[in-house]
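Chemist: Requesting a structural model of the entry that follows:
(one chain, ligands or ions: 1)
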Amino acid sequence: MQRERLGRLGRRGLLQGALVSGLASGLAGGLAGCATAPRRGAEAANLVPIDARVDRIADVSVCVRPFRPAGPRVEPESLGDTLVVHNYGHGGSGWSLSWGSSTRAVRLAMQGSPRDVAVIGCGVLGLTSAILAQRAGARVTIYAREQLPLTTSFRATGEWTPDSRIALAHVAAPDFADVWEDMARTAFATHRGYIGKPGTPVEMVDQYAVSDESSFGSRILNGPSIDFASYGRRIADLMPPWQPVSPDASPFEATSVSRGEIMMFNITEYTQTLMSQFHQAGGQIQRADFQSPAEIAALGKKVVINCTGYGARALWQDDTLVPVRGQIAHLIPQPNVHYGVVYQRVLAVPRRDGIVVQSFEGGEAQGYGIAAETIDRDESVRAVMILAELFAPGRWRGSGLQAFLTPTGRHSMRHA
Ligand SMILES: Cc1cc2nc3c(=O)[nH]c(=O)nc-3n(C[C@H](O)[C@H](O)[C@H](O)COP(=O)(O)OP(=O)(O)OC[C@H]3O[C@@H](n4cnc5c(N)ncnc54)[C@H](O)[C@@H]3O)c2cc1C
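Modeler: Residues are numbered from 1 along each chain as shown. This is a model prediction of the structure:
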């Protein structure tokens, strides 16, 4: 049962479970004799360490998750002669659920087999809706204030996190869990189709959850918790379960280490792939900044898919949209690092365009209700310094690169 529970942990579960309650530590003890774990642990000994240094922070970006307590809005609405299908409000799961949510939206939009479809918004929901509408036979024009590289979508971490801040458990309708599962399964299957494509838009990588009980102290349970819905166990069959790594074989000097696999989105490459697919199928993009639904009706289109993300709060007066601020830092890319780590409420994801580092120091309520997209560089600096503890000389037991103390006491890395 413990093993099953670990296998079902998503990113949220890991942060709450493995890092906060020490669940992984207990599991590692209980499953140390498991046949596969030591082998994977031995493989882990060949890992290259993440060069976690503040002076390697190449970029810090911040954005707002478009969170709706009831879950994303995917439904039709008549606006005079125009059928509007809404497809917004995906919280921290927009990339993950994109293809599934857009499949539902496009099904609604294509019921009358329109020849022309307008999509408002060019984030991940807009582009996936547009591509699916093209595949269904429509000519598609995207109208957007910003194209994908300037949107919230481009500033996401890039992990398969289909139930991250997707709804509040006590607000979501009773049938939402079924809808969510349908979206998650459709999206997962479609993302999988991008694995191995040129540019590696999507790939599977290992991720380690490392905990060090002696340093839990003040970092646990800081901040109020929020009743976010959690549906991960409904799709537990999609990914292999997490496994404990035996302390002897682990490259991390820590009380407990476990390993799972994650689906990772290389956002830069995935964006380019989606944009080219859309253009190659004859799609057009026009810049537009709509102030009201009436301006959308004035386009004269029979069918419009509304994928405006947090923008729907102002455009559609949807006051149920709650901003949830999030920030990531990019460390300079390390092409030979192919694994992610969660350690003391810090997540590192090995994207091809740079190691993405994200802090969850405020717990799950972090950023809730905050719409300001102001960069807090110190937050990222603290996160990188916590990661640096994990890879410091004396703690890191892997190979590939070795750490050496400089005369100033600061460590640097060079090839062994
Ligand atoms: C720090 C952070 C990390 C994240 N990590 C992940 C992750 O790892 N995995 C995951 O699945 N999700 C993640 N997310 C969530 C994900 O980024 C969002 O759910 C997703 O980007 C929402 O996409 P969207 O297309 O709905 O909105 P957006 O990307 O915001 O796109 C909205 C589009 O609508 C346009 N628009 C808005 N208003 C108007 C208007 N009035 N007129 C014209 N155009 C308009 C915008 O210009 C834009 O083109 C993360 C979010 C944050 C903040």
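Chemist: Nearest to the ligand: which residue in the stretch 101-250 of the chain?
Modeler: The ligand sits closest to Gly123 of the stretch 101-250 of the chain, with a gap of 2.2 Å, by Cβ to the nearest ligand atom. Where you see a C-beta, it was placed from the backbone N, CA and C, and this is true even at glycine.
Chemist: Looks like that residue contacts Thr152 (just checking).
Modeler: Yes: look at Gly123 against Thr152 with Cβ atoms under 8 Å: they come within range, at 6.1 Å.
Chemist: Pick out whichever of the two has more residues nearby.
Modeler: Gly123 (29 against 22; other Cβ atoms under 10 Å).
Chemist: where does the protein have its least confident helix or strand?
Modeler: helix 23-30 (a mean of 30; mean pLDDT, DSSP states H and E).
Chemist: So for the residue of the stretch 101-250 of the chain closest to the ligand, what pLDDT did the model give?
Modeler: pLDDT, Gly123: 98.
Chemist: cool, Glu77 as well?
Modeler: Per the predicted model, pLDDT is 98 at Glu77.
Chemist: so who does it touch?
Modeler: Residues in contact with Glu77 (Cβ atoms under 8 Å, 6 or more residues apart in numbering) are Leu83, Val84, Val85, His86.
Chemist: hmm, 7 Å instead?
Modeler: Going by Cβ atoms under 7 Å, 6 or more residues apart in numbering, Glu77 touches Val84, His86.
Chemist: do the one 10 residues further on as well
Modeler: Contact analysis of Asn87 by Cβ under 7 Å, 6+ apart lists Val74, Ser101, Ser102, Ala105, Leu125, Ser129, Ile305, Asn306, Cys307.
Chemist: Look at the nearest residue to it once chain neighbours are set aside and say how many residues are nearby.
Modeler: In this structure, Asn87 finds its nearest non-sequential neighbour in Ala105, 3.9 Å apart by Cβ to Cβ, 6 or more residues apart in numbering. By other Cβ under 10 Å, 28 other residues sit near Ala105.
Chemist: Spatially central residue in this structure, please.
Modeler: Centroid-nearest residue in the chain, with Cα atoms, centre = their mean: Glu159, separated by 3.7 Å.
Chemist: So it sits against Glu261, correct?
Modeler: No: with contact defined as Cβ atoms under 7 Å, Glu159 does not count as touching Glu261 (11.4 Å).
Chemist: just how off-centre is stretch 244-258 within its chain?
Modeler: Centre-to-centre, stretch 244-258 and its host chain are 25 Å apart (Cα atoms, centre = their mean, to the nearest Å).
Chemist: repeat for stretch 357-372
Modeler: For stretch 357-372, the separation from the chain centroid amounts to 14 Å (computed by Cα atoms, centre = their mean).
Chemist: Local confidence estimate at Leu15?
Modeler: In this model, Leu15 is scored at 47, pLDDT.
Chemist: what about stretch 302-315, near the ligand?
Modeler: Yes: against the ligand, stretch 302-315 shows contacts by Cβ under 6 Å from any ligand atom at Cys307, Thr308, Gly309, Tyr310, Gly311, Leu315.
Chemist: try stretch 258-271
Modeler: No: Stretch 258-271 lies apart from the ligand when judged by Cβ under 6 Å from any ligand atom; the minimum separation is 6.8 Å.
Chemist: And stretch 351-360, by the same measure?
Modeler: No: on the criterion Cβ under 6 Å from any ligand atom, stretch 351-360 is out of touch with the ligand, staying 6.5 Å away.
Chemist: quick one: low-confidence ranges for the stretch 101-250 of the chain?
Modeler: For the stretch 101-250 of the chain, applying pLDDT under 70 flags the ranges 213-224.
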